[in-house]
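Colleague: Below are the sequence and a predicted model for it; my questions follow.
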Amino acid sequence: MTRARAAVADGLGHFTLEDIEVGEPQAGEVAVTMRAAGVCHTDWDSLSWGRKIVLGHEGAGVVRAVGPGVSRVRVGDAVVLNWAIPCGTCFQCERGAQSLCEINSPVMAGNAVNAGHVPLDRTTLRGEELARSFHLGTLSEITVVREEAVVKLTHELPFPWAAVLGCGVMTGYGSVVNAAKLVPGSSVTVLGTGGVGLSVVQACRIAGARQIIAVDLHPQRLALAAELGATHTLLARRDDAGLSLMASQVKALSGGRGTDYAFECTAVPALGAAPLAMIRNGGCAVAVSGIEQEITVDMRLFEWDKIYINPLYGQCRPQIDLPQLMDLCESGDLRLEPTLARPYALGQLAAAFEDMQRGDHGKGVIVFS
């Protein structure tokens, strides 16, 4: 066993930094020395999942050891981790829907903290077995994951950039390109310009949208959205229920009928149906943020012939999509540096959570020494 510093949630809303023990990888497993890990709202939520877990589901690092049978990577390779781990053989994987894997995906399997892939005894705290968030646990100096959870870096990208590719960027980009299949020349509304929303803005620009209307409560976020491709920015109001007043402004900017697409990236349950109010008849509304709470929807928002989709993880196919994102970063078409906040050390995770909750800065990333 190797000792590693890690952030461990108690399941009751709190976390502590602990020295955990990490075992050597066995057949089909890869040990990764983490270099950077994203800080996400899901990580904050996972503090209260009712069970001790190693936090973190976004990350990048260097392979430190591999188990028997591993062929995709070798010791020394830089890798990105992905949390929706495809088995490659189930019904969903065989039809190309790898993010919906019925065997490995922690979401589709029904328990996001059930470490059924790498045995729990591979990670312990003072002899007690620990689960890893989404089978990864990236907020740890070392983690052990299935081979299918790693994708080799194809370019020498900075590790903080690579870390956020594996969740937030993939979710935003894939929701535009894979799920909505945005048509060049289209008009778009993006509700919320945090880390995921900014990835949506960039994906729409890359896909050839002619009009990108960004909506947010924070002027500084809107300024960044404009820098990254938004053609129009609108400052939202907290007292605008369901963004109904904002919908009028969007329609005024889009010829009176609404945009062709609208992407919800706020993670605010009350805004789950808001993208329907932004689109034209026959348009497409996309729920990107993963709202899971029960909400009430006025069915008149669906009039007429509107489509509402709720893709998971941007319909990610890790070995296909993540290298494409790496190529876009290398070419400069996908810009990640402006979206990132200052780097944090693992000991500053509490501050990173506080800054994220305030919502007025870029994507937080923990950088390991």
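Modeller: All right, it came through fine. Note that the structure is a prediction, hence the values are computed from the model and not measured.
Colleague: for the stretch 51-200 of the chain, which spans come out with low pLDDT?
Modeller: 105-116 (pLDDT under 70).
Colleague: again, but for the stretch 251-369 of the chain
Modeller: Ranges of the stretch 251-369 of the chain meeting pLDDT under 70: 360.
Colleague: Could you report the neighbour count for Glu264?
Modeller: The local packing of Glu264 (other C-beta atoms under 10 Å) involves 30 other residues. Bear in mind the C-beta positions are built from the backbone N, C-alpha and C, glycine included.
Colleague: Leu47: what's its closest spatial neighbour, skipping adjacent residues?
Modeller: Leaving aside its sequence neighbours, Leu47 sits nearest to Ala9 (C-beta to C-beta, 6 or more residues apart in numbering; 4.7 Å).
Colleague: how much space between the one you found and Ile20?
Modeller: As judged by C-beta to C-beta, to the nearest Å, Ala9 and Ile20 stand 12 Å apart.
Colleague: before we move on, back to that, is the residue nearest to Leu47 bridged to anything, and to what?
Modeller: Counting by DSSP bridges, Ala9 is bridged to Phe15, Ile53.
Colleague: which ones are touching it?
Modeller: By C-beta atoms under 8 Å, 6 or more residues apart in numbering, Ala9 lies in contact with 15, 46-49, 52-53, 55, 133.
Colleague: ok, and what's touching the helix or strand encompassing Gly282?
Modeller: Following DSSP states H and E, the helix or strand that holds Gly282 is strand 279-287. Here strand 279-287 makes contact (C-beta under 8 Å, 6+ apart) with 175-176, 179-180, 189, 254, 257-264, 272, 275-276, 278, 303-311.
Colleague: partners of it, with directions?
Modeller: Sheet partners by DSSP bridges: for strand 279-287, these are strand 259-264 (parallel), strand 307-309 (parallel).
Colleague: Mind listing what's buried along it?
Modeller: Residues 279-280, 283-287 are the ones in strand 279-287 that count as buried (16 or more other C-beta atoms under 10 Å).
Colleague: Give me whichever of the strands paired with strand 279-287 is most buried.
Modeller: Highest mean neighbour count of the strands paired with strand 279-287: strand 259-264, a mean of 28 (counted as mean count of other C-beta atoms under 10 Å).
Colleague: all helices in this structure, in order from the N-terminus.
Modeller: Assigned by DSSP state H, the chain shows helices spanning 41-46, 91-94, 159-164, 170-174, 195-207, 219-228, 244-253, 274-278, 318-331, 349-358.
Colleague: tell me which of the buried residues of strand 279-287 is nearest to Arg5?
Modeller: For the buried residues of strand 279-287, the closest approach to Arg5 (C-beta to C-beta) belongs to Ala287, at 36.3 Å.
Colleague: who does that closest one bridge with?
Modeller: Glu264.
Colleague: before we move on, what about Val150?
Modeller: With DSSP bridges as the rule, Val150 is bridged to Leu81.
Colleague: Can you give the domain ranges for the chain?
Modeller: According to automatic domain parsing, the chain comprises the domains 2-166+315-367, 181-310.
Colleague: Neighbours of Arg35, how many?
Modeller: Count around Arg35 with other C-beta under 10 Å applied: 21.
Colleague: pretty sure it contacts Val62?
Modeller: Yes - the criterion here is C-beta atoms under 8 Å, and Arg35 meets it with Val62 at 6.4 Å.
Colleague: any common contacting residues for these two?
Modeller: Joint contacts of Arg35 and Val62 (C-beta under 8 Å, 6+ apart) are Ala78.
Colleague: can you tell me which strand in the protein is longest?
Modeller: strand 29-39 (DSSP state E).
Colleague: Specify the angle between that strand and helix 349-358 in degrees.
Modeller: 50 degrees (axes from the mean of the first three to the mean of the last three C-alpha atoms, to 10 degrees).
Colleague: Summarise which helices and strands strand 29-39 is packed against.
Modeller: strand 59-66, strand 78-81, strand 142-146, helix 159-164, helix 349-358, strand 363-367 (3 or more C-beta pairs under 8 Å, 6 or more residues apart in numbering; DSSP states H and E).
Colleague: what inclination does that strand have with respect to strand 142-146?
Modeller: Going by the same axes, to 10 degrees, strand 29-39 makes 120 degrees with strand 142-146.
Colleague: What average pLDDT does strand 29-39 get?
Modeller: Per-residue pLDDT over strand 29-39 has a mean of 97.
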